[in-house]
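K.L.:
Fold the following for me, if possible:
(chains A, B, C and D)
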Number of protein chains: 2
Amino acid sequence: MTGRSMPVPARRRRRDGEARRESELDAALDIFSTTGLHGASLDQIAERAGLSKTNLLYYFPSKEALYLAVLRRVLAVWLDPLQSLDAGSEPAAAFRSYVRAKLTLSRDAPQASRLFCLEIVQGAPLLRPELEGPLRDLVEAKAAIIRDWSAAGRIGPHDPHHLIFSIWAITQHYADFAVQVEAVTGRNLDDPDFFERTVASTQALILAGLGLR
Amino acid sequence: MTGRSMPVPARRRRRDGEARRESELDAALDIFSTTGLHGASLDQIAERAGLSKTNLLYYFPSKEALYLAVLRRVLAVWLDPLQSLDAGSEPAAAFRSYVRAKLTLSRDAPQASRLFCLEIVQGAPLLRPELEGPLRDLVEAKAAIIRDWSAAGRIGPHDPHHLIFSIWAITQHYADFAVQVEAVTGRNLDDPDFFERTVASTQALILAGLGLR
DNA sequence: GTCTATATCGGGATAGAC
DNA sequence: GTCTATCCCGATATAGAC
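P.N.:
Numbers count the residues shown, from 1 in each chain, chains lettered A, B, ... in the order given. Model prediction:
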């Protein structure tokens, strides 16, 4: 028992623990998003994270718990941009920046988008409560703002739900269906020129649909 | 060895065989589309198809072969509506009917849409050749038509690829993300009223984007 | 063609030493 | 906290009787 075997200060330990946990979640996101929950093995994830399977199960009680932890982290990031649709904004500018923010996420965090997509397509067995609670509430709040803009004549009439779905669908398509986009166009969002064209094209479509410009 | 044990006429046998195969593929589509390739078990599929697992493996050499057979059948149906974008049509009418056809498919064959989505999101390990071949060619042909319409001033300027992607993304969203749509709106495409509103909303968005009406 | 039985294997999870 | 060894179950696939 020497001084060197004594525990390090608590704050340092916690910071290390959080960094470790983050890197494990990153590895799990990598694997889960390309093979799904059932297609992925703990061995793969552990290898990518640089530890043993047993060790991974020391930090997470089960495979499903790990999956769920990844999923929750994804959802938080994924909904964030919608916050920027603010009642005080100019509608055209607000939609333009929302479209850009979502496409930026599709470019920079495509795996998060894909994992979310996989979960929803399979019926959201684990995420359904989050959809019917927080997500629904957030969408309703933003739909109210859009409805107000419409009532005030600042944008043309358009069902807020369908409008939001359309923006989600288009922007996430470039992450979720990236291989198809690449098969057809030979390009993806990592190409700066293609990215800017995609942003401009989507903004134009949405704004035209709202009767703006 | 009585006459009754003799083989039935070949045509009858083949028709029965095709019906049996179809019902097996239907069952497989059901299961694969809700759990993915790895999440599905042959037992589940066999049970839904009304035969034993052993028997199923008598007709299909392996699980993956069954999966691939389902996938190919899906792709054919899925691309079909795009054929209707014909150079001889009136652009506005052509897009309107294409949007309706795609949303009808999302309503009537949501599982096909979801299976296709699952495969693409995971990188299309089995379907990539089809994407880079037939699908790419079909899209290019239709993009040329759209480009001609644009050059002739019959529709506003819009990148054909992005336009097609947007239509795909929006229309398939209502099948692939149905649980999310339901969580937010409490409705789905099986509701006739909701279906018609979705069609109208999507048509309006696309046509506005093209500068039509 | 359909059944029962079984070989075989991958992978999630646990035990226990260190 | 990390390792080795192992248990155990579900699932694909095959063998062989009928």
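
K.L.:
Can you get me the centre-to-centre distance for the lengthiest helix in chain A and its chain?
P.N.:
Longest helix in chain A by number of residues, with DSSP state H as the criterion: helix A:10-39. Its chain's C-alpha centre and that of helix A:10-39 lie 16 Å apart, by C-alpha atoms, centre = their mean, to the nearest Å.

K.L.:
Just list what that helix packs against, helices and strands only.
P.N.:
helix A:42-49, helix A:53-59, helix A:63-79, helix A:110-121, helix B:10-39 (3 or more C-beta pairs under 8 Å, 6 or more residues apart in numbering or on different chains; DSSP states H and E). Placement of C-beta: from N, CA and C, glycine included.

K.L.:
Most tightly packed of those helices?
P.N.:
The highest average neighbour count among these, using mean count of other C-beta atoms under 10 Å in any protein chain shown, belongs to helix A:110-121 at a mean of 24.

K.L.:
Return the alpha-carbon coordinates of that one using PDB.
P.N.:
Only the C-alpha atoms of helix A:110-121 are listed here, as PDB (Å, rounded to 0.1, in the frame of the first residue of the first chain):
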ATOM      1  CA  PRO A 110     -25.100  11.100 -40.100                       C
ATOM      2  CA  GLN A 111     -24.700   8.100 -37.800                       C
ATOM      3  CA  ALA A 112     -27.000   9.700 -35.200                       C
ATOM      4  CA  SER A 113     -29.500  10.300 -37.900                       C
ATOM      5  CA  ARG A 114     -29.300   6.800 -39.100                       C
ATOM      6  CA  LEU A 115     -29.600   5.200 -35.600                       C
ATOM      7  CA  PHE A 116     -32.700   7.400 -35.000                       C
ATOM      8  CA  CYS A 117     -34.100   6.400 -38.300                       C
ATOM      9  CA  LEU A 118     -33.600   2.700 -37.700                       C
ATOM     10  CA  GLU A 119     -35.300   2.900 -34.300                       C
ATOM     11  CA  ILE A 120     -38.300   4.800 -35.700                       C
ATOM     12  CA  VAL A 121     -38.700   2.600 -38.700                       C
END
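
K.L.:
Next, the buried residues of the helix or strand that comes right after that helix.
P.N.:
Sequence order places helix A:128-130 as the next helix or strand after helix A:110-121, per DSSP states H and E. In terms of neighbour count (16 or more other C-beta atoms under 10 Å in any protein chain shown), helix A:128-130 has its buried residues at A:128, A:130.

K.L.:
Leaving out sequence neighbours, find the closest residue to the residue sitting nearest the centre point of chain A.
P.N.:
The residue lying closest to the centre of chain A (C-alpha atoms, centre = their mean) is residue A:78, at 3.2 Å. What sits nearest to residue A:78 in space, not counting adjacent residues and going by C-beta to C-beta, 6 or more residues apart in numbering or on different chains, is residue A:116, at 5.8 Å.

K.L.:
Just to check, that neighbour is in contact with residue A:77?
P.N.:
No - counting by C-beta atoms under 8 Å, residue A:116 stays clear of residue A:77, with 9.5 Å between them.

K.L.:
was I right about residue A:202 contacting residue A:99?
P.N.:
Yes - with contacts counted by C-beta under 8 Å, residue A:202 reaches residue A:99, the gap being 5.1 Å.

K.L.:
anything in contact with each of the two?
P.N.:
A:167, A:171 (C-beta atoms under 8 Å, 6 or more residues apart in numbering or on different chains).

K.L.:
coming back round to it: would a markdown table of the helices and strands packed on helix A:10-39 with mean pLDDT be doable?
P.N.:
Shown next, in a markdown table, are the helices and strands packed on helix A:10-39 (pLDDT from 0 to 100):
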| stretch | mean pLDDT |
| --- | --- |
| helix A:42-49 | 98 |
| helix A:53-59 | 98 |
| helix A:63-79 | 95 |
| helix A:110-121 | 98 |
| helix B:10-39 | 90 |
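
K.L.:
Turn those into TSV, columns for distance to residue A:158.
P.N.:
Shown next, in TSV, are those (distance: least, C-beta to C-beta, whole Å):
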stretch	distance to residue A:158
helix A:42-49	43
helix A:53-59	47
helix A:63-79	21
helix A:110-121	24
helix B:10-39	31
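
K.L.:
what's the closest of the ones you listed to residue A:165?
P.N.:
Of all the helices and strands packed on helix A:10-39, helix A:110-121 sits nearest to residue A:165, with 12.3 Å by C-beta to C-beta.

K.L.:
helices or strands next to the closest one in the packing?
P.N.:
Counting contacts by 3+ C-beta pairs under 8 Å, 6+ apart, helix A:110-121 is packed against helix A:10-39, helix A:63-79, helix A:91-108, helix A:160-176, helix B:110-121, helix B:160-176.

K.L.:
what's the closest of those helices to DNA strand D?
P.N.:
Proximity to DNA strand D (C-beta to the nearest atom of the strand) singles out helix A:10-39 among the helices and strands packed on helix A:110-121, at 6.1 Å.

K.L.:
the inter-axis angle of the closest one versus helix B:110-121?
P.N.:
Interaxial angle of helix A:10-39 relative to helix B:110-121 (axes from the mean of the first three to the mean of the last three C-alpha atoms, to 10 degrees): 130 degrees.

K.L.:
contacting residues around residue A:210?
P.N.:
Contact partners of residue A:210, counting by C-beta under 8 Å, 6+ apart, are A:91, A:92, A:95, A:155, A:156, A:158, A:163.
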